[in-house]
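> fold the following.
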Amino acid sequence: MLKSNDQIKAEAQKSIDIALDLVTTSIHSVEKLTHIQLELSRQILMETTHVFKDLSVGSDSKEVSARVNTIVTQAVEKNIASVRDVLDVVSETQTKISQITEGNLQHIQQSALNSVEGLAKYNPSGAEAVGESVKSWIQNSNQMLAALNKVSAQVSEFANNNINTATDAALKAAKKANAK
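A predicted model of the protein is given here:
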């Protein structure tokens, strides 16, 4: 149960590594999301400038209407692509954080079991009850983590389905408007 300085240092280093992984994952996610936003803003600025130039030379209302419909269709498609990119980043981040969490939970569980084994050396009769409690805690933690992973997968699937449905509906509406 008593830990040496080397064990304490190793556990502290493990905690620092886990925190660093979480911070690094968060920073990479923010970088990716910022890149998506900046790229989308750049495209909107360029396309808006191009649209105004095109519309200013339009000769009749039918031609202008056709150009506007084409531009709207392209804008919808690009916005949907951006939403998918954001969803991909969020999903990737969630997966990485889940992996870090699972690894950390396993480390904590192993430390708890090691502590119970250490306690058994000094108090064998009391260690049995503590051991059963720790094992129960580990089992409950694993069940909770499995449930969280299942819910996370369901949320991700739900979001993907909604994006696909919205994409189809938006593209159909844009094409229908373009056909008029």
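
> just the pLDDT at G126, thanks.
pLDDT for G126: 66.

> and for E39?
90.

> then V30?
Note on V30: pLDDT of 90.

> and it, how far is that from A19?
As judged by Cβ to Cβ, to the nearest Å, V30 and A19 stand 17 Å apart. For the C-beta atoms, the positions are set from N, CA and C on the backbone; glycine is no exception.

> and T25, by the same measure?
With Cβ to Cβ as the criterion, T25 and A19 are 11 Å apart.

> out of the two, which sits in the more crowded spot?
More neighbours surround T25 than the other of T25 and A19, with 18 against 12 (other Cβ atoms under 10 Å).

> for burial, what's the neighbour tally of the spatially closest residue to the more buried one that is not a sequence neighbour?
Counting by Cβ to Cβ, 6 or more residues apart in numbering, T25 lies nearest to K96, which is 4.7 Å off, once chain neighbours are set aside. As a burial measure, K96 scores 17 neighbours (other Cβ under 10 Å).

> I'd assumed S26 was in contact with K96.
No: the pair K96 / S26 is not scored as a contact, 9.5 Å apart, by Cβ atoms under 8 Å.

> could I get the pLDDT score of the nearest residue to N104 once chain neighbours are set aside?
Sequence neighbours aside, I18 is the residue nearest to N104 in space, at 5.1 Å (criterion: Cβ to Cβ, 6+ apart). Note on I18: pLDDT of 80.

> secondary structure element for I18?
helix 5-56 (DSSP states H and E).

> ditto for S141
Element membership of S141 [criterion: DSSP H and E] is helix 124-179.

> and that helix, what does it pack against?
The contact analysis (3 or more Cβ pairs under 8 Å, 6 or more residues apart in numbering; DSSP states H and E) places helix 124-179 against helix 61-122.

> how far away from the center of its chain is the helix it packs on?
Computed by Cα atoms, centre = their mean, to the nearest Å, the chain-centroid distance of helix 61-122 equals 1 Å.

> what mean pLDDT does that helix have?
For helix 61-122, mean pLDDT is 78.
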